[in-house]
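>>> quick one, what's the 3D model for this:
(one chain, ligands or ions: 1)
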Amino acid sequence: MNAIDTHKSDAPIFAADAFRLGDEEAALIDRARRFGARVLAPRAAKHDRDATFPIENFRDMHPEGLLAICIPKENGGLGASYRTYALAAAELGRYCGATALSWNMHVCSTLWTGALADDLEMSAAERTEHNTRRPAHYRRIVEQGAIYSQPFSEGGAAAAGAAAFGTEAKPVDGGFLVSGKKIFASLSGAADYYGILCTERAEGEAASRRNTLYLAVPAKADGVSVVGDWDPLGMRGTVSRTLLMKDVFVSESELLMPHGVYFRAATSWPHMFLTLSPTYMGLAQAAYDFTVAYLRGEAPGTPPVKRRMFPTKQIAVAEMRVMLEQTKALWFQAVSEARANPTKEQVLRAYAAQHTVMENANALAAKAIRSCGGQSMLKSLPLERIYRDSRCGSLMLPWTAEICLDRLGRETLYEPGEKDD
Ligand SMILES: Cc1cc2nc3c(=O)[nH]c(=O)nc-3n(C[C@H](O)[C@H](O)[C@H](O)COP(=O)(O)OP(=O)(O)OC[C@H]3O[C@@H](n4cnc5c(N)ncnc54)[C@H](O)[C@@H]3O)c2cc1C
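The predicted structure is shown next:
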């Protein structure tokens, strides 16, 4: 067992009073925090070492209601808002980055089809279609503990939003024939349904991003396979292998959004892509917490040697605290203002928040190792795992750290449609 993983008394990352959280919101986040400390932390090191998916964490989330956190209450879920989910996910990320990131993939299939879709413009017919279809997905999760994942990436320009997805869905009687390949399919081999993005394309039709379909492919369907090995630097427990689909028949009832609505969501609800960041907010906090405990000689499983009396350590902790507070403040603001049709300022702030969390989580972990010293990076302690896991954040499409900077610069200096002569 990982020594500090037994920690049971971490304070909430966002104190309810200070951040003016509602009672219900605070209680849900608290449930996630306690679950993370009690259930995720003791298992994290083993799954990291073996690069195995922590399926038992997801089984244990079911009775806690955490698989259904964003499913509307009328469908048997906990009805968490975008922000409540984000704060809860940050709490899980403190204890096991890989579980929190995988949980994000699952929860987004309910958040995007739930509260986010409720906020989107839809015609009356689309709304009826969506509200008729989604309860079946929710029932699987609420009643059977089904797990959904979100394999979008293909290794080309599609996951960055720059081209139509190469995975295609050919309309056939009663549904679609789906063929394609998804790389980095977190929860591969563990999910019951792969919530893929693909391009609906009839014979002779050109591929268009407007025809993106968000579709739940049953993992057991004929033509679905998972290939390749998985031995990465970090986030090893996500088991993000390659998903292949060859002429997989997927029923029309597996549509997670009506035709054309995903494209609308991606363009009018951009904060949907900020949902990969909560995990890394949690990792940033974990790096800081570890450092404070270690320098005080209180990190469980380490000798009670204090290092806090050295001015260099005090300065390091002070700098970490400044970086952590900056990260928390910006990120909290961004997740609080997520909505349909945000202002340009809000979108730019979301890019800045994503960039800040993803880069600072790893910067904090690096500084933690430098300040705590050699013994702190032994594999018997969680810090080196936090360091490796946090390295992955800035690579996550569509909002990689580079793409955030790219858009921030361009969209600040150019209004839509503006060109230089
Ligand atoms: C641990 C882990 C888990 C993951 N899980 C999932 C998952 O569950 N589902 C999923 O869909 N994906 C997942 N991903 C994949 C991830 O979102 C990216 O798709 C993947 O890291 C891209 O790798 P690549 O080498 O193909 O990047 P490339 O596409 O080669 O891009 C390399 C870099 O170039 C830049 N770049 C790329 N496109 C553009 C552009 N159009 N404009 C400007 N700059 C650009 C970006 O900064 C990017 O980081 C996961 C990744 C990791 C590391």
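
>>> okay, and residue 184 sits in which element?
Taking DSSP states H and E as the definition, residue 184 sits inside strand 175-185.

>>> who are the packing partners of the helix or strand just after that strand?
Sequence-wise, the next helix or strand downstream of strand 175-185 (DSSP H and E) is strand 193-200. For strand 193-200, the elements it packs on are helix 97-111, strand 148-149, strand 168-172, strand 175-185, strand 212-218, strand 241-251, judged by 3 or more C-beta pairs under 8 Å, 6 or more residues apart in numbering; DSSP states H and E. All C-beta atoms are positioned from the backbone trio N, CA, C, and that covers glycine.

>>> could you rerun that using 7 Å?
When contacts are defined as 3 or more C-beta pairs under 7 Å, 6 or more residues apart in numbering; DSSP states H and E, strand 193-200 sits against strand 148-149, strand 168-172, strand 175-185, strand 212-218.

>>> pull up the residues of the stretch 1-150 of the chain that are close to the ligand.
Within the stretch 1-150 of the chain, the positions near the ligand by C-beta under 6 Å from any ligand atom are 105, 150.

>>> repeat that for 8 Å
Contact residues, the stretch 1-150 of the chain versus the ligand (C-beta under 8 Å from any ligand atom): 98, 101-102, 105, 149-150.

>>> ok, residue 100 touching residue 88?
No. When contacts are counted by C-beta atoms under 7 Å, residue 100 is not listed as touching residue 88 (9.4 Å).

>>> could I get the contacting residues of residue 282?
90-94, 100 (C-beta atoms under 7 Å, 6 or more residues apart in numbering).

>>> still on that earlier bit, pLDDT averaged over the strand holding residue 184 - what is it?
Strand 175-185 shows a mean pLDDT of 98 in the predicted model.

>>> with stretch 236-248 instead?
98.

>>> contact partners of that stretch?
Looking at stretch 236-248 with C-beta under 7 Å, 6+ apart, the contacting residues turn out to be 47-48, 51-54, 96, 98-99, 101-102, 151, 167, 177-190, 194, 217, 221-228, 230.

>>> what distance do you get for the residue of the chain most remote from its centre to the ligand?
Centroid-distance maximum for the chain: residue 421 at 41.0 Å, with C-alpha atoms, centre = their mean. Residue 421 is 25 Å from the ligand, where distance means C-beta to the nearest ligand atom, to the nearest Å.

>>> how far is the host helix or strand of residue 333 from where the chain is centred?
Taking DSSP H and E as the criterion, residue 333 maps to helix 311-336. For helix 311-336, the distance from its own C-alpha centre to the chain's C-alpha centre is 21 Å (C-alpha atoms, centre = their mean, to the nearest Å).

>>> could you point out the helix or strand that follows that helix?
helix 344-372.

>>> closest to the ligand out of the contacts of residue 282?
In terms of C-beta to the nearest ligand atom, no member of the contacts of residue 282 lies closer to the ligand than residue 100, at 11.6 Å.

>>> so who does the closest one touch?
89, 92-93, 279, 282.

>>> now do 8 Å
For residue 100, the contact set (C-beta atoms under 8 Å, 6 or more residues apart in numbering) comprises 36, 40, 89-90, 92-93, 278-279, 282.

>>> also residue 218?
Neighbours of residue 218 in contact, by C-beta under 8 Å, 6+ apart: 192-193, 224, 250, 254.

>>> right, and residue 403 touches residue 160 too?
Yes. Using C-beta atoms under 8 Å, residue 403 makes contact with residue 160 at a distance of 6.3 Å.

>>> tell me which of these two has more neighbours.
A count of neighbours by other C-beta atoms under 10 Å puts residue 403 above the other of residue 403 and residue 160, at 20 against 15.

>>> the more buried one: which element?
Here residue 403, judged by DSSP H and E, is contained in helix 401-413.

>>> from the ligand, how far off is the nearest residue to residue 298 once chain neighbours are set aside?
Nearest non-adjacent residue to residue 298, counting by C-beta to C-beta, 6 or more residues apart in numbering: residue 304, 7.3 Å away. In this view, residue 304 and the ligand are 35 Å apart by C-beta to the nearest ligand atom.

>>> can you tell me the closest non-neighbouring residue to residue 152?
Spatial nearest neighbour of residue 152, excluding adjacent residues (C-beta to C-beta, 6+ apart): residue 197 at 4.7 Å.

>>> mind checking pLDDT for that neighbour?
On the pLDDT scale, residue 197 gets 97.

>>> how deep is it tucked in, by neighbour count?
26.

>>> okay, now the closest residue to residue 337 other than its chain neighbours: neighbour count?
What sits nearest to residue 337 in space, not counting adjacent residues and going by C-beta to C-beta, 6+ apart, is residue 346, at 5.2 Å. Applying other C-beta under 10 Å, we find 16 residues neighbouring residue 346.

>>> residues touching residue 346, list them.
Neighbouring residues of residue 346 by C-beta under 8 Å, 6+ apart: 334, 337, 339.

>>> flag the shaky bits of the stretch 1-150 of the chain, pLDDT-wise.
Low-confidence segments of the stretch 1-150 of the chain, defined by pLDDT under 70: 1-9.
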